[in-house]
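In: Mind looking at a prediction? Sequence and model below.
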Protein chains: 2
Amino acid sequence: MTNQPIQLDDVFHALGDPTRRAVLERLSKKPAPVSELAALFDMALPSFMQHLNVLEECGLARSSKAGRVRTYQLEPKALRAAEQWMAKHRAIWEVRLNQLDDYLNKMKETDR
Amino acid sequence: MTNQPIQLDDVFHALGDPTRRAVLERLSKKPAPVSELAALFDMALPSFMQHLNVLEECGLARSSKAGRVRTYQLEPKALRAAEQWMAKHRAIWEVRLNQLDDYLNKMKETDR
DNA sequence: CATATAGTTAGGCCTATGACTAACCAACCC
DNA sequence: GGGTTGGTTAGTCATAGGCCTAACTATATG
């Protein structure tokens, strides 16, 4: 059982690539085998596999093999960790977002 | 006015470094000049400045210079973009998180 | 004006990342 | 058994990332 503590570094790093985010979006619908996922991207298989490995190693996805088919699915724990980091700071952000809203509203008024 | 569309790639990439997250956490309290931020890290100034540049370029922070002092502050827009990406997929995650909870609860029961 | 302070620029260095091809293993399936 | 399909491993390559030192610019301040 790979039960390492979740490394935010790795999770955010993984999210920093559009291919990997797209894979996650696809997986958020339902699990899928490698070939089906790979078909969505114009990339050599081994290159694509690396992305899958990144997702799995940082805990965003999980896979299991049946016969010769490996199926990937989302793994919520890492996402949860990333969310928690954001949530931890959300209160402060929201103050600032509200300030932004106020500002934008003021702009709107000034605008007419 | 640098008003580029926010690149999720860059925002998540920026969040993938512990130094940069720590800077954001510090900035979430209040704006601070370079020297004050730099003092928190055991790193040569130019190296640290690169992190500040990354934060500014991806839109997570903003800076302005008064005299010889450059002050940094949070910039909500990029954070909002990252949050929106997460929010867009949150519903699905939460289903899965609930499934996880169910699973864990089942485990607990089996456990006694 | 001389010196200290706050940042900045330039350049080098090493590792990590992301992509590729080629060759390989392991099921399936006729 | 032999070919086909699905995935994996190995090895290469170029670029980007993160760190450093040294040298520089621009503002204070005595």
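Out: Okay, I see it.
In: tell me the secondary structure for A:S64?
Out: strand (DSSP: H, G, I helix; E, B strand; the rest coil).
In: From chain B, how far out is the residue of chain A found nearest DNA strand C?
Out: Scanning chain A for the residue nearest DNA strand C gives A:G67, at 1.7 Å (criterion: Cβ to the nearest atom of the strand). (Glycine included, C-beta is placed from N, CA and C.) Using Cβ to the nearest Cβ, to the nearest Å, one gets 25 Å for the distance from A:G67 to chain B.
In: ok, and the closest non-adjacent residue to the spatially most central residue of chain A?
Out: Centroid-nearest residue in chain A, with Cα atoms, centre = their mean: A:L15, separated by 4.6 Å. Excluding the flanking residues, the one nearest A:L15 by Cβ to Cβ, 6 or more residues apart in numbering or on different chains is B:F12, at 4.2 Å.
In: how many degrees apart are the host helix or strand of that neighbour and helix A:8-15 in direction?
Out: Using DSSP states H and E, the element containing B:F12 is helix B:8-15. Here the directions of helix B:8-15 and helix A:8-15 differ by 170 degrees (axes from the mean of the first three to the mean of the last three Cα atoms, to 10 degrees).
In: check whether helix B:8-15 contacts DNA strand D.
Out: Yes. Using Cβ under 7 Å from any atom of the strand, a contact is recorded between helix B:8-15 and DNA strand D, made by B:H13.
In: and that helix, what does it pack onto?
Out: Counting contacts by 3 or more Cβ pairs under 8 Å, 6 or more residues apart in numbering or on different chains; DSSP states H and E, helix B:8-15 packs against helix A:8-15, helix A:18-29, helix B:18-29, helix B:45-57, helix B:76-111.
In: on that earlier part again, give me the pLDDT value at the residue nearest to A:L15.
Out: On the pLDDT scale, B:F12 is placed at 95.
In: Please name the spatially closest residue to whatever residue of chain A ends up closest to DNA strand D (chain neighbours excluded).
Out: Across chain A, the shortest distance to DNA strand D (Cβ to the nearest atom of the strand) belongs to A:S35, at 2.7 Å. Leaving aside its sequence neighbours, A:S35 sits nearest to A:V69 (Cβ to Cβ, 6+ apart; 7.8 Å).
In: what ranges of chain A fall below the confidence cut-off?
Out: Applying pLDDT under 70 to chain A flags the ranges A:1-5, A:87, A:90-112.
In: follow-up on the earlier one: using a markdown table, lay out the helices and strands packed on helix B:8-15 together with distance to A:H89.
Out: Converted to a markdown table, those look like this (distance: least, Cβ to Cβ, whole Å):
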| stretch | distance to A:H89 |
| --- | --- |
| helix A:8-15 | 12 |
| helix A:18-29 | 21 |
| helix B:18-29 | 6 |
| helix B:45-57 | 14 |
| helix B:76-111 | 8 |
